[in-house]
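K.L.:
here you go, sequence then predicted model.
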Amino acid sequence: MFVKPYRVKSSVQLKTSEKKKFRQHVLSCYSQHSDIPIVLPSKGNVVLNRILLHGEESSTINVYSIDKVPLFIEIEEGSVPVPTVNTCWRIPTLLPTVMMPYMVLDKLLHGAHLMLPGIIPQSFPASWHAGDVVAVCTPKSGAVVAVGVWNCSKEEAVSNGFKGKGVHVYHTYQDNLWASGSKEKLPIKPLPDYKVDTGFTEGDTDPVEGDGTGDDVGDDACGDNVGDTPNANEAEENLENVTSELRDLEVAKAPDDVILEGCYRAIKTSLDKGELPILISSFYSKHVKPNCESPVDVKQTRFKKVGILLKELEENGVLVLKEQKKGVLVISEVNFKHVLLRGYTKVTKVTEDNEEDEGEEEDIAVVEAFTCNGDALKFFSPLGYKKGDILERKTIRSIVSSYIRDNNLVPENDKKLVQLDPLLSSVMRTRSVTAGWNECMQRVEAACGRCFVISLPGKFPITVKGKLPPIEFKVEKRTGNKKVTIISNFAVFGIEGKELAHKLQLLMSSSASHETTGPIETVLVQGDARRTAAKLLIEEYRIPRKYVSSPK
């Protein structure tokens, strides 16, 4: 709901009588909780913001906040106020909570709703009704990351085989509503003690029966397979183990994910170019196993064999396999700059003194890539790519080259030309019969959408569609002929505005402030701070020099 920028229609501070009425309304809706005064103190100044959502100019939503921190969302006048994530962090037991695997979180943060197969079955409440307010968390942090309402009742979910939309998400951590407040970081809190009551009776359908992929739900968040899930009859037997695992605040990753991440991390941090070509058995034992976060055997995964595992990496364009002799495979080439390898650092080892070895500090990596959409989709979809998938230039060129050769589109009399078939002509948007190799590559790339993948050390990569503007500096003269430096476009690189302003304030020994106007963030520094800011961004924040405007 708040993923896209919204417009504040009006913002007024409630009168004492209005504040008292709203407070009583919240207390009546959440009468079983005595902690409401923690977030709604009797003497606090409550501000009502009437918001117009993106694309929904005809309807307004009320957001109540204190000290610029959003606390409750009112979808309709007089409806049940929905707590924000900030409120749920202050009162962890305010809402019934369901859990989802950590891997589903990214989908929710990008505007998807939570599907029933994406909910960990042990966290389903005994019963629920459509429209009931519910919170969503992950076992990794234990804190609420999203709030919404049930899209269906338990009876409807059972009759549908636990497929389809489960929770209609209103608000998430890191959306624009969260960013309008104090931008509190996600707290790491122990999960509350609770007894899992699945509420299933004999004859009910297991909520994750089947493959759990949720293929019928399009782009919405659907749970991936995360290992074997107990059915309703086994839930009580495994209850004690499950609850114990959840309290450990660790997501039990599937063996497939552990070994794939081990491969990516091994290539990024361990494998040396001088070792190529290397036997796949040597690569697995020497590099992959030490770089897995937890002990795992390839036989425990869906790959079963090292060769099959590495062939998947070859299909993704990460490496090239070659048969040295019959039955002996070696890795002959590796694309060390592949997008999938971004963000991986060395596995931290715990020493005998319980101290962790810190990995080497990494620069922020920015890679120009392409998104699979439009006319390009019909060219890449037979290869398993879906709308929105990110492709590197090298991957696109490799796919186009293979397509041309596999379909014998190179004339015998001129190897520099390509005989265009109907599919290539459509994607390239040309009526020509032939084209040069380089023209084919460029036109297929042009049919894709452009994007940039920004890899931040220790964080998830950020994808920016379209152009990536550099961090800009602008000097203006204000009252009294005083100079002020305005810095913009830094937020896309994961830089916190308040932190940047504080560091520049210390370096310049002058005042600095952080301002937010809708989705646009700027930092204002008194004086000409262009050179100081550029040096700070390049040397401390590790921003590539080409994405920092040259101070003039």
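P.N.:
Alright, I've got the coordinates. Numbering: from 1, shown residues only.
K.L.:
ok, residues contacting the strand or helix carrying residue 134?
P.N.:
Per DSSP states H and E, residue 134 falls inside strand 133-137. For strand 133-137, contacts defined as CB atoms under 8 Å, 6 or more residues apart in numbering pick out 80, 82-83, 88, 94-100, 108, 114, 128, 143-150, 167, 169, 191. Just so you know, the C-beta spots here come from the backbone N, C-alpha and C atoms, and that holds for glycine as well.
K.L.:
so residue 542, which state does it fall into?
P.N.:
Recorded secondary structure, residue 542: coil (DSSP: H, G, I helix; E, B strand; the rest coil).
K.L.:
tell me, how many residues neighbour it?
P.N.:
By the measure other CB atoms under 10 Å, the count of residues near residue 542 is 15.
K.L.:
and if you look at residue 84?
P.N.:
Using other CB under 10 Å, residue 84 is surrounded by 29 other residues.
K.L.:
I figured it was touching residue 64, is that so?
P.N.:
No: with contact defined as CB atoms under 8 Å, residue 84 does not count as touching residue 64 (9.3 Å).
K.L.:
residues shared between the contacts of these two?
P.N.:
In contact with both residue 84 and residue 64: 70-73, using CB under 8 Å, 6+ apart.
K.L.:
pick out the most distant pair among these.
P.N.:
Using CB to CB, the shared contacts of residue 84 and residue 64 span at most 8.8 Å, a distance reached by 71 and 73.
K.L.:
which neighbours do the two share?
P.N.:
Jointly contacting residue 71 and residue 73 under the rule CB under 8 Å, 6+ apart are 64, 83-84.
K.L.:
re earlier: C-terminal to the strand holding residue 134, what's the next element?
P.N.:
Counting by DSSP H and E, what follows strand 133-137 is strand 144-150.
K.L.:
so that next one versus strand 133-137, what angle?
P.N.:
Between strand 144-150 and strand 133-137, the angle comes out at 150 degrees (axes from the mean of the first three to the mean of the last three CA atoms, to 10 degrees).
K.L.:
parallel or antiparallel, list what pairs with strand 144-150.
P.N.:
Taking DSSP bridges as the criterion, strand 144-150 sits next to strand 133-137 (antiparallel), strand 165-172 (antiparallel) in its sheet.
K.L.:
for residue 29, which of those strands is the nearest?
P.N.:
strand 133-137 (8.8 Å).
K.L.:
residue 7 - nearest residue in space that isn't next to it in sequence?
P.N.:
Closest residue to residue 7 apart from its sequence neighbours, by CB to CB, 6 or more residues apart in numbering: residue 52 at 4.6 Å.
K.L.:
now do the contacts for the one you found.
P.N.:
Counting by CB under 8 Å, 6+ apart, residue 52 has contacts 6-9, 59-60.
K.L.:
helix/strand/coil for it?
P.N.:
strand.
K.L.:
pLDDT at it, what is it?
P.N.:
Note for residue 52: predicted pLDDT of 85.
K.L.:
the one 10 residues further on too?
P.N.:
You'll see residue 62 listed with a pLDDT of 91.
K.L.:
list the beta-bridge partners for it.
P.N.:
Here residue 62 sits in beta bridges with residue 50, residue 74, as judged by DSSP bridges.
K.L.:
spit out the contact partners of it.
P.N.:
Going by CB under 8 Å, 6+ apart, residue 62 touches 48-51, 73-74, 77.
K.L.:
tell me where the stretch 301-450 of the chain has strands.
P.N.:
In the stretch 301-450 of the chain, the segments counted as strands under DSSP state E, counting those that start in this stretch are 319-325, 328-334, 365-371, 390-391, 417-419, 434-436, 449-455.
K.L.:
tell me the one among the shared contacts of residue 71 and residue 73 nearest to residue 338.
P.N.:
In terms of CB to CB, no member of the shared contacts of residue 71 and residue 73 lies closer to residue 338 than residue 84, at 38.5 Å.
K.L.:
mind checking the SS state of residue 59?
P.N.:
State at residue 59, reduced to three classes by three-state DSSP: strand.
K.L.:
repeat that for residue 4.
P.N.:
With three-state DSSP as the criterion, residue 4 reads coil.
K.L.:
how about the closest residue to it other than its chain neighbours, what does it touch?
P.N.:
Nearest in space to residue 4, with sequence neighbours left out and distances taken as CB to CB, 6+ apart, is residue 54 at 3.8 Å. Contact analysis of residue 54 by CB under 8 Å, 6+ apart lists 4-6.
K.L.:
residue 495 now?
P.N.:
Residue 495 touches 537, 541, counting by CB under 8 Å, 6+ apart.
K.L.:
that one - that's part of a strand, no?
P.N.:
No: Residue 495: not assigned to a strand; according to three-state DSSP it is coil.
K.L.:
give me the pLDDT for it.
P.N.:
87.
K.L.:
would you mind measuring from it to residue 91?
P.N.:
31 Å (CB to CB, to the nearest Å).
K.L.:
go on, residue 412?
P.N.:
Applying CB to CB to residue 412 and residue 91 gives a distance of 75 Å.
K.L.:
and these two? Which one has more around it.
P.N.:
residue 91 (17 against 6).
K.L.:
the more buried one reaches residue 38, doesn't it?
P.N.:
Yes: in this structure residue 91 lies within contact range of residue 38 using CB under 8 Å: 6.2 Å.
K.L.:
residue 83 and residue 503, how far apart?
P.N.:
34 Å.
K.L.:
the two: which is more packed in?
P.N.:
Using other CB under 10 Å as the criterion, residue 83 and residue 503 rank with residue 83 on top: 26 against 17.
K.L.:
run a quick neighbour tally on the closest residue to residue 305 other than its chain neighbours.
P.N.:
In space, and not counting its chain neighbours, residue 305 is closest to residue 298: 6.7 Å by CB to CB, 6+ apart. Look at residue 298: counted by other CB under 10 Å, it has 20 neighbours.
K.L.:
what's near enough to touch residue 298?
P.N.:
259, 284, 304-306, 309.
K.L.:
redo that, cut-off 10 Å
P.N.:
By CB atoms under 10 Å, 6 or more residues apart in numbering, the residues touching residue 298 are 255-256, 259, 262, 284, 288-289, 304-309.
K.L.:
how about residue 178?
P.N.:
Applying CB under 10 Å, 6+ apart to residue 178 gives the contacts 2, 69-70, 84-86, 171-172, 184, 186.
K.L.:
buried stuff in the host helix or strand of residue 533?
P.N.:
Using DSSP H and E, residue 533 sits within helix 530-539. By 16 or more other CB atoms under 10 Å, the buried positions in helix 530-539 come out as 530, 532-534, 536-538.
K.L.:
quick check: mean pLDDT of that helix?
P.N.:
The average pLDDT within helix 530-539 is 90.
K.L.:
for the stretch 151-300 of the chain, give me the ranges with low pLDDT.
P.N.:
188-253 (pLDDT under 70).
K.L.:
show me where it has strands.
P.N.:
For the stretch 151-300 of the chain, applying DSSP E, counting those that start in this stretch gives strands covering 165-172, 278-279.
K.L.:
can you list those strands in CSV and add mean neighbour count and distance to residue 468?
P.N.:
Below are the strands of the stretch 151-300 of the chain laid out as CSV (neighbours: other CB atoms under 10 Å; distance: least, CB to CB, whole Å):
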stretch, mean neighbour count, distance to residue 468
strand 165-172, 24, 24
strand 278-279, 16, 36
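K.L.:
out of those strands, which comes closest to residue 522?
P.N.:
Ranking these by proximity to residue 522 (CB to CB) places strand 165-172 first, at 24.7 Å.
K.L.:
and the gap between the most centrally placed residue in the chain and residue 59?
P.N.:
Nearest residue to the geometric centre of the chain (CA atoms, centre = their mean): residue 106, 3.1 Å. For residue 106, the distance to residue 59 (CB to CB) stands at 29 Å.
K.L.:
try residue 92
P.N.:
31 Å.
K.L.:
so for these two, which sits in the more crowded spot?
P.N.:
Counted by other CB under 10 Å, residue 92 and residue 59 do not tie: residue 92 has more neighbours, with 19 against 10.
K.L.:
give me the pLDDT for the more buried one.
P.N.:
Reading off the model, residue 92 has pLDDT 86.
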